[in-house]
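S.K.: Would you be able to build a 3D model of this:
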Amino acid sequence: MEKENYLKNGERLDDLQLNGLHIIQNPEKFCFGMDAVLLSSFCAKTIRKKDKVLDLGTGTGIIPILLSAKAEPAHISALEIQDESVDMAKRSVNLNGLDEKIDIIHGDIKTASLNFGAAVFDAVTTNPPYMNDNHGIKNPDIPKAIARHEILCNLDDIARESSKLLKTQGRFYMVHRPFRMTEIICTLAKYKLETKRICMVHPFVSKEPNMLLIEAVKNGKPFVKFEPPIIVYETPGKYTEQLLEIYGLQQHTP
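M.R.: Numbers count the residues shown, from 1 in each chain. Alright, predicted model coming up:
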């Protein structure tokens, strides 16, 4: 089937610039951002080829699709509650020939352990909503609001279910906002997810971080490593070589 035949009204096909992979998105709903790309690269450092991985709140499936190429785990399951996103994710998986590698499942994060069972995954990844009821104004567009605000699940739900789903010594990966770091570490610890690795993402070297990448281990011992920060822009509009390397791109100069 031609790639264009996978698309429905309002959708577009985006080239991921990685192993010929593409993803179906609807710009009127919600499109993946840099956070998903950074998280997939952060995960790929320690996810193993034998691992069974679960992505919580997968949206249109961007993290599983990227991980399939960057980390090549044995299998990836991906859970999403919004029907339209599930449909797009399934079509993207099929388009990329990844049906045997990635399963897209319609379901609720709050009851994920009932869907899959306890202690079945080696790794859990998630790019969750960043804002709770005290943070910012909710977008009137429901899909965008669900992606950005803790409407259908919150940080506690994600930590609780991830801990149940992970095997002992299983790894949990998340991208979030630095202003919630204390809350994140405490919530993870509450469910025996010990923070082991943190990387801050700064828009410019002189600016404070605006993203946080975190890895925790179920029943891990207390010890945390801070990785060198990721700097996004060298100057306004010009990405750093560090970021281009993550994206697998090269800087274009006039």
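
S.K.: Every contact and neighbour count from this point should use C-alpha atoms.
M.R.: OK.

S.K.: show me the contacts for the residue nearest the centre of the chain.
M.R.: Geometric centre of the chain, nearest residue: residue 127, 3.7 Å, by C-alpha atoms, centre = their mean. Shown in contact with residue 127 (C-alpha atoms under 8 Å, 6 or more residues apart in numbering): 35, 36, 39, 56, 57, 58, 174, 175, 176.

S.K.: State the distance from it to residue 176.
M.R.: Noted for residue 127: a distance of 7 Å to residue 176, by C-alpha to C-alpha, to the nearest Å.

S.K.: In the chain, mark out all the helices, start to finish.
M.R.: Secondary structure of the chain (DSSP state H): helices at 34-44, 62-70, 83-95, 112-116, 142-148, 155-165, 181-190, 241-247.

S.K.: For residue 252, give me the pLDDT.
M.R.: pLDDT for residue 252: 48.

S.K.: Ignore what I typed, I meant residue 150.
M.R.: For residue 150, the predicted pLDDT is 50.

S.K.: do residue 237 as well
M.R.: 93.

S.K.: How about residue 29?
M.R.: 85.

S.K.: Distance of it relative to residue 10?
M.R.: Per C-alpha to C-alpha, residue 29 is found 9 Å from residue 10.

S.K.: repeat for residue 93
M.R.: Taking C-alpha to C-alpha as the measure, residue 93 falls 19 Å from residue 10.

S.K.: Which one of those two is surrounded by more residues?
M.R.: With neighbours defined as other C-alpha atoms under 10 Å, residue 93 and residue 10 compare such that residue 93 has more, 25 against 10.

S.K.: And the more buried one, how far from residue 74?
M.R.: With C-alpha to C-alpha as the criterion, residue 93 and residue 74 are 15 Å apart.

S.K.: check contacts around the nearest residue to residue 70 once chain neighbours are set aside.
M.R.: Among residues not flanking residue 70 along the chain, residue 44 sits closest, at 5.9 Å (C-alpha to C-alpha, 6 or more residues apart in numbering). For residue 44, the contact set (C-alpha under 8 Å, 6+ apart) comprises 67, 70, 71.

S.K.: From what I see, the last one and residue 48 are in contact.
M.R.: Yes - taking C-alpha atoms under 8 Å as the contact criterion, residue 71 and residue 48 are neighbours in contact, 6.8 Å apart.

S.K.: what ranges do the strands span in this structure?
M.R.: Ranges of strands in the chain, per DSSP state E, are 12-15, 22-25, 52-56, 75-80, 102-106, 121-126, 166-176, 193-202, 211-218, 225-226, 230-231, 233-235, 238-239.

S.K.: Dump the ones you listed to JSON lines, plus mean neighbour count and distance to residue 245.
M.R.: Converted to JSON lines, these look like this (neighbours: other C-alpha atoms under 10 Å; distance: least, C-alpha to C-alpha, whole Å):
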{"stretch": "strand 12-15", "mean neighbour count": "13", "distance to residue 245": "17"}
{"stretch": "strand 22-25", "mean neighbour count": "24", "distance to residue 245": "19"}
{"stretch": "strand 52-56", "mean neighbour count": "25", "distance to residue 245": "24"}
{"stretch": "strand 75-80", "mean neighbour count": "22", "distance to residue 245": "25"}
{"stretch": "strand 102-106", "mean neighbour count": "20", "distance to residue 245": "26"}
{"stretch": "strand 121-126", "mean neighbour count": "25", "distance to residue 245": "22"}
{"stretch": "strand 166-176", "mean neighbour count": "23", "distance to residue 245": "19"}
{"stretch": "strand 193-202", "mean neighbour count": "22", "distance to residue 245": "15"}
{"stretch": "strand 211-218", "mean neighbour count": "24", "distance to residue 245": "17"}
{"stretch": "strand 225-226", "mean neighbour count": "11", "distance to residue 245": "20"}
{"stretch": "strand 230-231", "mean neighbour count": "20", "distance to residue 245": "11"}
{"stretch": "strand 233-235", "mean neighbour count": "15", "distance to residue 245": "13"}
{"stretch": "strand 238-239", "mean neighbour count": "15", "distance to residue 245": "10"}
